[in-house]
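Enquirer: sequence below, structure please.
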Amino acid sequence: MAKLSKLYTMQEAAQHNTSEDCWVVIDGKVYDVSSYLNEHPGGDDVLIAATGKDATDEFEDAGHSKSARELMEKFCIGELDESSLAIPELEIVRAKQAADTSKKIVEFTKRYWVVPVAVAGISAVVGFLYLRKK
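Expert: Below you'll find the predicted structure:
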């Protein structure tokens, strides 16, 4: 018989981000690793840093053994609710940051236009002198 898993959103999992209450999300599953923090070979800071996001890549990059993968199953408390992954507020912030960055680049270019022109001019002169010597 299939075991029913509780579903958690990423926001719910992200709220558990302290050394007393630490949840991580790996490969679509949510793990309460609070009781394992002191035993983790990589240190508790590694696990705490993995909260609030999908830590699958970090977990895979660390090269965990088969026994580590088996051990983590005892800390599994549910699965990630895939329908809750999109956070519109983050997309809005990123779009605003991109617009701000573009404005800063345009303003910087207007203010310091002489620098790229000088570099191009010096390069042209050096290239011309180099070709004359041949």
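Enquirer: name the spans of this structure whose pLDDT lies under the cut-off.
Expert: Along the chain, segments meeting pLDDT under 70 span 1-4, 84-95, 134.
Enquirer: show me the domain layout of it.
Expert: Per the TED database, the domain ranges recorded for the chain read 6-85, 87-133.
Enquirer: among these, show me which one is buried the most.
Expert: Ranked by mean neighbour count under mean count of other C-beta atoms under 10 Å, the domains of the chain are led by domain 6-85, which reaches a mean of 15. C-betas here are computed from N, CA, C, even on glycine.
Enquirer: residue 9 contacts residue 78, doesn't it?
Expert: No: assessed by C-beta atoms under 8 Å, residue 9 is found out of contact with residue 78, at 10.6 Å.
Enquirer: how about the strands in the chain?
Expert: In the chain, the strands defined using DSSP state E lie at 7-8, 23-26, 29-32, 76-80.
Enquirer: so for this structure, which residue is the most central one in space?
Expert: For the chain, the residue nearest the mean C-alpha position is residue 53 (7.4 Å; C-alpha atoms, centre = their mean).
Enquirer: quick check: that one vs residue 74, distance?
Expert: Using C-beta to C-beta, to the nearest Å, residue 53 is found at 23 Å from residue 74.
Enquirer: show the contacting residues for residue 65.
Expert: For residue 65, the contact set (C-beta atoms under 8 Å, 6 or more residues apart in numbering) is empty.
Enquirer: do you know how far it is from residue 130?
Expert: Distance from residue 65 to residue 130, by C-beta to C-beta: 59 Å.
Enquirer: then residue 73?
Expert: As judged by C-beta to C-beta, residue 73 and residue 130 stand 67 Å apart.
Enquirer: which parts of the protein are helices?
Expert: For the chain, applying DSSP state H gives helices covering 10-14, 44-49, 56-61, 66-72, 88-111, 114-133.
Enquirer: generate TSV for the ones you listed, with distance to residue 35 as supplementary columns.
Expert: Below are those laid out as TSV (distance: least, C-beta to C-beta, whole Å):
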stretch	distance to residue 35
helix 10-14	16
helix 44-49	11
helix 56-61	18
helix 66-72	12
helix 88-111	31
helix 114-133	57
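Enquirer: before I go, just wanted to say thanks for your time.
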